[in-house]
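[1] show me how the following folds:
(one chain, ligands or ions: 1)
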Amino acid sequence: MSDYRIVAVETHDIRFPTSLELDGSDAMNPDPDYSAAYVVLRTDDGFEGHGFAFTIGRGNDVQTAAIKALEPYVIGRDAEDLGALYKEMVWDSQLRWLGPEKGVMHMAVSAVVNALWDLKAKREGKPLWLLLGEMSPEEIVELVDFSYLSDALTRDEALAILRKGAVGKAERIARLKESGYPAYTTSPGWLGYDDDKLRRLCKEALDDGFTQIKLKVGADLEDDVRRFKVAREVCGPDFPIAIDANQRWDVGAAIRWIHALSEFGPHWVEEPTSPDDVLGHATIARAIAPIKVATGEHVQNRMIFKQMLQAGSLSYLQLDSARVGGVNENIAILLLAARFGVPVCPHAGGVGLCELVQHLSMFDFVAVAGTMEGRVIEYVDHLHEHFVDPVVIEQGRYAAPSRPGFSAEMRPESIAAHSFPDGEVWRNS
Ligand SMILES: [Mg+2]
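    Take a look at the predicted model:
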């Protein structure tokens, strides 16, 4: 046992009134208030681990209560064996009924697991991507729960992927420190923005060095045609422009809608239908080929990703840093993607998701996939100023974080001002 203990678990219901500007608006979520159900773990020797689940407003109190329910798992514990602690939380025989491994309780596990990793990385004085990247293949497989995966990925197969991925690690770490990881931006494409704002933001994205943008679609086909045309005019015929329907369509409608937009050459079509509809995604993928399907931000766990990979439902896997069971389950998902040879282009945006997910993609590059080819991390230019170690974008790329931790820590004054409903931002609204 280590000589320190976690002695306090603090939770905060933090909400940002983003619906006032229609930032983040899409076909499914017209007026989100970006929120974090936030947790701080404190140790008796003065370290802190920060983590959160991202929500979009109402229900953030429910999410915060679910995090609080995990308190007995971390009080009196350390952050040394995070494979065991993650599995204990996921397999709590009573809490598990609330999922299993999906929804509010699973996102709460994610928040706590990520806070534990923030704590561990801070204690070891390394950014998380590097801490994970320097672990041995044998250490990494101990972090993964292989339950329900053996028909697609065994422990031995994972070890083989990681051993192969370990070759050339040092050079890749040096390359990341030097030139970062490519990003794409969703900032131009929110559905609530008018054409002039779309045009201006597309131009800015090009000027800022991004090599891909994304447009929200799915509310009105005529609007989508017009907006895609505007974006093509600004960006040119060959520039990758992805589209994102945020689960708006049934299978048949998705196929018809995407065919109607195919003349504009979408780079990928994201979340065309329900995130639970494995076979529906596969049907859409076959019908719209060679246009590719991307999905994952609402995929609830590694088992759904496994099925999607087995069924050919997706060509780009968009894991989310704070929806599945945190870092540990995301390592399983990175390994599954590598097993099937599918590139991971993670979901980000919201509040703090860019800060978190950059570490996972960089770990993927260093130790799993070993390449950035065909891979980009989503970037959205919102709310970074509230973080102690915000993402740094240079020439359309994420600079590799150098501060110890998971970049998850919000500024204390931001937490106080945005606490719901008593922080000053909400008290006066
Ligand atoms: Mg999306």
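
[2] which other residues reach stretch 411-427?
    12-17, 35, 38, 60-61, 385-388 (Cβ atoms under 8 Å, 6 or more residues apart in numbering). Yep, even glycine has a C-beta here, placed from its N, CA and C like the rest.

[3] how about the residues of the stretch 201-350 of the chain by the ion?
    Neighbours of the ion within the stretch 201-350 of the chain, by Cβ under 5 Å from the ion: 244, 270.

[4] in the stretch 201-350 of the chain, which spans are helices?
    221-235, 251-261, 278-288, 302-311, 326-340 (DSSP state H, counting those that start in this stretch).

[5] check which helices and strands the shortest one is in contact with.
    Judged by 3 or more Cβ pairs under 8 Å, 6 or more residues apart in numbering; DSSP states H and E, the packing partners of helix 302-311 are helix 278-288, strand 316-317, helix 326-340.

[6] can you add mean neighbour count and mean pLDDT and give those back as TSV?
    Below are the helices and strands packed on helix 302-311 laid out as TSV (neighbours: other Cβ atoms under 10 Å; pLDDT from 0 to 100):
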stretch	mean neighbour count	mean pLDDT
helix 278-288	19	98
strand 316-317	24	98
helix 326-340	25	98
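
[7] nearest to residue 85, of the ones you listed?
    Closest to residue 85 of the helices and strands packed on helix 302-311, according to Cβ to Cβ: helix 326-340, at 9.1 Å.

[8] next secondary structure after that closest one?
    Downstream of helix 326-340, the first helix or strand assigned by DSSP states H and E is helix 353-363.

[9] residue 74 touches residue 113, doesn't it?
    No - here residue 74 does not reach residue 113: they are 10.0 Å apart, not a contact under Cβ atoms under 8 Å.

[10] more crowded one of those two?
    residue 113 (27 against 24; other Cβ atoms under 10 Å).

[11] which stretches of this structure form strands?
    Per DSSP state E, the chain has strands spanning 6-15, 35-43, 48-55, 181-189, 213-216, 241-244, 269-270, 293-295, 316-317, 377-379, 393-394, 397-398. These are given in chain order.

[12] just send the ones you listed back as CSV, with distance to residue 260 too.
    Shown next, in CSV, are those (distance: least, Cβ to Cβ, whole Å):
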stretch, distance to residue 260
strand 6-15, 37
strand 35-43, 35
strand 48-55, 32
strand 181-189, 18
strand 213-216, 14
strand 241-244, 11
strand 269-270, 12
strand 293-295, 16
strand 316-317, 22
strand 377-379, 25
strand 393-394, 33
strand 397-398, 34
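
[13] residues in contact with the closest residue to the ion within the stretch 151-300 of the chain?
    Using Cβ to the ion, the point where the stretch 151-300 of the chain gets nearest to the ion is residue 244, with a distance of 4.4 Å. Residues near residue 244 by Cβ under 8 Å, 6+ apart: 26, 186, 189, 214-218, 269-271.

[14] find the nearest non-adjacent residue to it, please.
    Excluding its sequence neighbours, the residue lying closest to residue 244 (Cβ to Cβ, 6 or more residues apart in numbering) is residue 270, at 3.9 Å.

[15] how about residue 130?
    Closest residue in space to residue 130, ignoring its immediate chain neighbours: residue 173 at 6.8 Å, by Cβ to Cβ, 6+ apart.

[16] what is the burial count for that neighbour?
    19.

[17] that one against residue 127, yeah?
    No - at 10.8 Å, residue 173 does not count as touching residue 127 under the criterion of Cβ under 8 Å.

[18] wait, which of the contacts of residue 244 is closest to residue 355?
    Closest approach to residue 355 among the contacts of residue 244 (Cβ to Cβ): residue 186, at 15.6 Å.

[19] who touches that closest one in this structure?
    By Cβ under 8 Å, 6+ apart, residue 186 lies in contact with 213-214, 216, 244, 349, 378-380.

[20] so what pLDDT did residue 296 get?
    Residue 296 is assigned 98 on the pLDDT scale.

[21] what is the neighbour count of it?
    25.

[22] got it, and residue 138?
    10.

[23] chain center to the longest helix seen in the chain, what's the gap?
    Longest helix of the chain, by residue count under DSSP state H: helix 103-124. Taking Cα atoms, centre = their mean, to the nearest Å, one finds helix 103-124 lying 14 Å from the centre of the chain it belongs to.

[24] just the CA coordinates of that helix, formatted as PDB?
    C-alpha atoms of helix 103-124 as PDB (Å, rounded to 0.1, in the frame of the first residue of the first chain):
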ATOM      1  CA  GLY A 103     -25.900   6.000 -19.100                       C
ATOM      2  CA  VAL A 104     -25.700   8.300 -16.000                       C
ATOM      3  CA  MET A 105     -24.000   5.800 -13.700                       C
ATOM      4  CA  HIS A 106     -21.400   4.800 -16.300                       C
ATOM      5  CA  MET A 107     -20.600   8.500 -17.000                       C
ATOM      6  CA  ALA A 108     -20.200   8.900 -13.200                       C
ATOM      7  CA  VAL A 109     -17.700   6.100 -13.300                       C
ATOM      8  CA  SER A 110     -16.000   7.900 -16.100                       C
ATOM      9  CA  ALA A 111     -15.700  11.200 -14.100                       C
ATOM     10  CA  VAL A 112     -14.200   9.400 -11.100                       C
ATOM     11  CA  VAL A 113     -11.800   7.200 -13.100                       C
ATOM     12  CA  ASN A 114     -10.600  10.200 -15.100                       C
ATOM     13  CA  ALA A 115     -10.100  12.200 -11.800                       C
ATOM     14  CA  LEU A 116      -8.100   9.300 -10.500                       C
ATOM     15  CA  TRP A 117      -5.900   9.400 -13.600                       C
ATOM     16  CA  ASP A 118      -5.500  13.200 -13.300                       C
ATOM     17  CA  LEU A 119      -4.300  12.500  -9.700                       C
ATOM     18  CA  LYS A 120      -2.000   9.800 -10.700                       C
ATOM     19  CA  ALA A 121      -0.400  11.800 -13.500                       C
ATOM     20  CA  LYS A 122       0.000  14.800 -11.300                       C
ATOM     21  CA  ARG A 123       1.700  12.700  -8.600                       C
ATOM     22  CA  GLU A 124       4.100  11.300 -11.200                       C
END
